[in-house]
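*Asks:* I'd like to go over a predicted model; first the sequence, then the structure.
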Amino acid sequence: MSEAPKPDRAAVERFRAVMLPHLDAAHGFARWLTRDPVQAQDVAQEAMLRALRYFHAFRGEEARPWLLRIVRNTWVDLRAKRGADQPLEVAEDRPAEGPDPEQSALASDRRRQVAAALAALPEEMREILVLREIEDLPYKQIAAVLDMPIGTVMSRLARARERLAADLRGRLGRREHGLPDL
């Protein structure tokens, strides 16, 4: 594989203008893929370096899906290097800060429930939900990020939503009856 050309100053400036606005999206997607804030930082950083290195191949298409595809490929590559079957530790989210402690606690609990249900999904369901519902990408861009037909995106998204809803109903039902989460 040949080495990518080193970007010149103009390319770096164009990269900053085009890609840096999507850094939060890249980090957020990496966070959902890795389920670990430290790994997410590493994945996002490596993805940005790869994006800069191969920015010469960017042809002006949508920048965010292009970058998110690099994030996903970076995660797949890094996971393959360390072994895909290693379990991941899921970091607990910090409670929300706000003026009303009771409302903050309820909101934090709901976020934890949704995050736990989302984290419990298989990776292919989790990533498609994150791209659609959190990153708000249209089906066409999701298909480009995941390299799959748009029909597959639509059917996988429908199954992922159903599974997430069922999981949340189960979690909320256990909570209403005073049972611990599983």
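*Replies:* Looks like it came in fine.
*Asks:* And the residue nearest the centre of the protein?
*Replies:* Phe29 (2.2 Å; C-alpha atoms, centre = their mean).
*Asks:* Touching the helix or strand containing that one from outside, list them.
*Replies:* Using DSSP states H and E, the element containing Phe29 is helix 23-34. For helix 23-34, contacts defined as C-beta atoms under 8 Å, 6 or more residues apart in numbering pick out 37, 39-41, 43-44, 47-48, 64, 67-68, 70-72, 74-75, 88, 118, 123, 126-127, 130-131, 134-135. To be clear about C-beta, it is placed using only N, CA and C from the backbone, and glycine gets the same treatment.
*Asks:* repeat that with 7 Å
*Replies:* Outside helix 23-34, the residues within contact range by C-beta atoms under 7 Å, 6 or more residues apart in numbering are 37, 40, 43-44, 47-48, 64, 67-68, 71-72, 75, 88, 126-127, 130, 134-135.
*Asks:* who touches Tyr139 in this structure?
*Replies:* Applying C-beta under 7 Å, 6+ apart to Tyr139 gives the contacts 150, 153-154.
*Asks:* Among the residues you listed, name the buried ones.
*Replies:* Val153 (16 or more other C-beta atoms under 10 Å).
*Asks:* Save the contacts of Tyr139 as CSV, and put in secondary structure too.
*Replies:* Putting the contacts of Tyr139 into CSV (DSSP: H, G, I helix; E, B strand; the rest coil) gives the following:
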residue, secondary structure
Ile150, helix
Val153, helix
Met154, helix
